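Asker: Generate coordinates for the sequence data below:
(3 chains)
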Amino acid sequence: MLFLNVLFGVSAVLTIASSLLCVFTKNIMHACVYLLGALLGVAGLYMTLGADFVAVTQIMVYVGGIVILMLFAVMLTGGKEFVSKAQKLLNLVPLMGNKWTFLIASLASLVFAGVTVQLYFKLPEFFKTVDNTEFSSTVDELGKLLITDHLLAFELSSVLLLGALVGAAIIARPRKEEVK
Amino acid sequence: MEYTISTIAPIFIFPFMAFVVNAFFGRKLPRQGDWLSVGAIFASFLYTLRIFGDFIFNKFSTDYYVHKVFNWIDLSYGDQFFKIDLGIYIDNMTAIMLLMVTGVATLIHLFSTWYMKGDERYGKFFVYLSLFTSAMLGLVLADNLLLLFVFWEIMGFCSYSLIGFYYEKEEAGNASLKAFMTTRIGDVFLLLGILGIWSVVGNVNYVDIYAAISQGLFEGHTVMGISLASFAAFCVFMGTVGKSAQVPLQVWLPDAMMGPTPCSALIHAATMVAAGVYLSLRMYPLMELGEVTHIIAYVGAITAFLAATIALVQTDIKAVLAFSTISQLGYMVLGIGVGSYNAAFMHLITHAVFKACLFLSAGSVIHSTHTQEMPEMGGLRKKLPITFLAMLLCTLAIAGIPIFSGFVSKDRILGDALYWGLYAGQNKVHFIVPMLGFGGAFLTAFYMFRMMFLTFFGEPKDKEVYEHCHHEHFEFNRTLPLIILAALTLGVFYSGSLTGQGEIKIFPRAAQEWFKILVAAPEVKNFESYTKEKFDFADTREEKVWEKAHYHHQSGYAGVNPDNEEGIHHAHINGAVASVIIAFSGVLLAFFLYIRRLMSPDFFVNMLKPLHRLTTHRYYFDDFYIGILLKKGLLVFNNALAFLDMGIYDRIAIDGWAKVNNWIYRASKWFDDVIVDSIAVDGTGTAVNLFNLVLRVLQSGKIQFYFVVLIVVLSGYIWSLNFIS
Amino acid sequence: MISYGSYLLISAFLFVIGLIIMMARKNIVAILLGIEFILNSAALSFVTYSKFITKNLDGHIFALFIIVIAAAEAAVGLAIIIRFFQIKETIHIDEATELRN
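Answerer: Numbers count the residues shown, from 1 in each chain, chains lettered A, B, ... in the order given. As a prediction, this is how the structure comes out:
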């Protein structure tokens, strides 16, 4: 139990701290690294929920794939916040592109979070602690589910991935006239 | 013989295809495609020969006919019949007519290859000729009046084009226009007659019309106070008057001689003008029912006589022939009028043959001498022996000398006319009709031999012309048509005997008079229940044994009172004797005047000066039509119409309407400016502008701003959910 | 401590963080980053519900598919960003105002 509690605590702190840093950092490269931390924290939370396969997938796909991809993108497009030529124009647009943005966005988010939390409180066993601490490997069952009940979604997701791959390749490919 | 689409249709289609091919590719073909036209019409002739053989030699039955139709338009509703069946109708008359048309047309095509040689529009001539023959064959094959009318008009167009063939000459252009416009009057009447028949019968098939007549469908219908049968019959007859150049619409035919001579031979002597007579013959039961036969007889007689008198004073060889054509057509019409159905049709055929030959001979003479004026000719028989012989035979035929075809047919018409005038139990005033006929016969003999004597006998009057004229040698395409047509002027081909008169028997094998036996006026009661067969690739007709025709003493006569055998006999004996005497006296008079010169023709001219002036001016018909009807009548009428149009209609109706429009324009302009523009359009614009002020803020183009809005709205929604539940 | 609500709170927190990043940042990469946060919060909620409410593995399946979709989205999105950068020489979100150049 202790291990579980410790794991939960570490993961929760890691997640919250990383995401907060991610918000407040100026450097986009740093933001990506903080995202990495937050994702690892979420993976830890999955562990505490007994979702071992999901956790491993989270680490492999997100940490090993997406974040690396994003780092590449950042490096390809310049690793710092970019000040646009149209910055002055942007300042005229209300609530966008200046300090007040954060304030307003935070207020909107707080409203939303409040709403969400209020909905949560309606559930009776909201703060019920976990009784069932028996963990077993979910890989078997997930595998069976994936190729029985969710076979269609599984196959469709593979098609989606292929499409995304090809689409990304086509989009990012330089046009002919540019090659010339 | 099988009667199917593949044995009948080619008769019409061959010349038509020749027309199509020659019209488009004629220039590229060798010899400008004349061989195609000639070959096509000859192929039609061969096909026709089979039909003719089947009808005349095989079946030999008066009742035998082939009627095949396919439905073209059917708008019948309930018992209101309104339909057009296209189809072909062949009986003995059609078969004989087909053979005549194809045979004569073949020979004329052949002759044209000689006559038109070297002409700059040689190919075009054959294009028109092919179209014309196909239309004529279509007309003969047609089983209804509407189809007949279509081909009738195509022929009219071809006639127009061929009369104006040498359109560089102004007279030719005028003549073609005149021919077209004059026949148009008759055509309008014909169309009116067809519509009249249609309104009663609901169809325009010949056989349907006959059946309707026998069922008495025409009774009780009137148009403008006269019975519809009379009206329709008169209108149809007016079609004949126009096309066959009868008085008072005969003025176009003499001018039509502006065309090339072969086309005169084919169109204005043998076939197209005969088509008018053919129409009247086909509609003979209607003529009888409508009681217009008296009118027809008078028109025919007057035409026959008047045209003959005009022909007396003509010096143009083709003009003589033109007026003689009018005169002979008058005899046919006269024959129809007096009920001499068979003889009228026979005269149509015989006339077609000998008049075609006469025109071709004239063409031969004209081509050799390069002049049409008879006073410049003379003594040509030594130079043109074959032409002379052919023309002599035909002249004998048209003059009514026994053993030639003209005698066979014309004297039967005259005999029937005599019977009609004397014995048929009617007013003796009608005796004038046969008298005019006999007078015309005398004049015919005279003026035809005058033409012969002036052209071929005596001393050459114009040395230059005579010297210039080449000696005639045998040329295949020039001489052969003349010889064949001349040979066919013998009466024995048309009747078993050489005279055709049952009373004057030279070879009294009366039973062989096939023509007299086979062609008879349609008995309408036979058509009350007739059968139509589908026009198909297979012969669908029922096998039926047709009764062989046998000789009736007077089967050719379908006149007023067939029971009066004694009267008929007398009339025919007297008529025959009289016409023989008249013919010979006419020939003798011409002989004395122009060969022996016992008397100068000037003597008669001086003696009958007013009459001479009348005839040289063609009875002032042209002057009357052009000078008075057109210039005084129509022109004034036109001016009045123009005044009506410009002065009244334009002033009041058009300008007034413009004023009204102006008012409407002002009213609608005010409405447009104030209501539509200011309120509706500008109001809408303002409203849109107002919305724009609001929406422009939202529509900032900034993605994140949209996102914020989305979040706020979504939050508000969920928040509101909270309060509701 | 490890209660139902704590997971959901963390999930909500992640969601709000993502929201803020998406609304406030002007960098397109950063916006994609915010999307990843939001997707993660959703996946975390699914797994939590799977554990405490439905007590089967359907939530896990959903979490897996969310990851798959996130991967596809990231690939396409980054391709678009690179393309955008090639054309505009910037990855500022407010420059993306035209559908075609």
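Asker: Would you state the helices of the stretch 551-700 of chain B in chain order?
Answerer: Under the criterion DSSP state H, counting those that start in this stretch, helices of the stretch 551-700 of chain B are mapped to B:565-591, B:601-607, B:609-616, B:621-622, B:635-643, B:655-670, B:682-698.
Asker: ok, now the stretch 401-550 of chain B?
Answerer: B:405-422, B:432-456, B:463-468, B:476-487, B:514-518.
Asker: Which one, of those helices, ends up nearest to chain C?
Answerer: Smallest distance to chain C across the helices of the stretch 401-550 of chain B (C-beta to the nearest C-beta): 80.0 Å, for helix B:476-487. Where you see a C-beta, it was placed from the backbone N, CA and C, and this is true even at glycine.
Asker: Run through the residues of chain C sitting next to chain B.
Answerer: Residues of chain C lying near chain B by C-beta under 8 Å from any C-beta of the partner chain: C:19, C:22-24, C:26, C:93-94, C:96-97.
Asker: Which ones among the residues you listed lie within helices?
Answerer: Using DSSP state H, the members of those that fall within helices are C:19, C:22-24.
Asker: Once you drop chain neighbours, what's closest to A:Val42?
Answerer: C:Asn40 (5.2 Å; C-beta to C-beta, 6 or more residues apart in numbering or on different chains).
Asker: Roughly how far does B:Gly53 sit from B:Met1?
Answerer: Distance, B:Gly53 to B:Met1, by C-beta to C-beta, to the nearest Å: 8 Å.
Asker: ok now do B:Gly242, which residues does it touch?
Answerer: B:182-187, B:189-190, B:249, B:276 (C-beta atoms under 8 Å, 6 or more residues apart in numbering or on different chains).
Asker: Now rank these by neighbours and give me the top one.
Answerer: In terms of neighbours by other C-beta atoms under 10 Å in any protein chain shown, those top out with B:Thr183 at 30 neighbours.
Asker: so that one touches B:Trp252, yeah?
Answerer: Yes. With contact defined as C-beta atoms under 8 Å, B:Thr183 reaches B:Trp252; the gap is 6.5 Å.
Asker: and which of the ones in helices among the residues of chain C next to chain B is nearest to B:Glu120?
Answerer: C:Met22 (92.3 Å; C-beta to C-beta).
Asker: wait, that closest one sits on C:Gly34?
Answerer: Yes. Contact criterion C-beta under 8 Å: C:Met22 and C:Gly34 qualify, at 3.8 Å.
Asker: re earlier: ranking the ones in helices among the residues of chain C next to chain B by neighbours, who comes first?
Answerer: Neighbour-wise, those (other C-beta under 10 Å) top out at C:Ala24, 26 neighbours.
Asker: Could you measure from that residue over to B:Met224?
Answerer: Where B:Met224 is concerned, C:Ala24 sits at a distance of 100 Å (C-beta to C-beta).
Asker: Also B:Pro434?
Answerer: B:Pro434 is 33 Å from B:Met224, by C-beta to C-beta.
Asker: and those two? which has more neighbours close in?
Answerer: Set side by side, B:Pro434 and B:Met224 show more neighbours around B:Pro434, with 27 against 6, by other C-beta under 10 Å.
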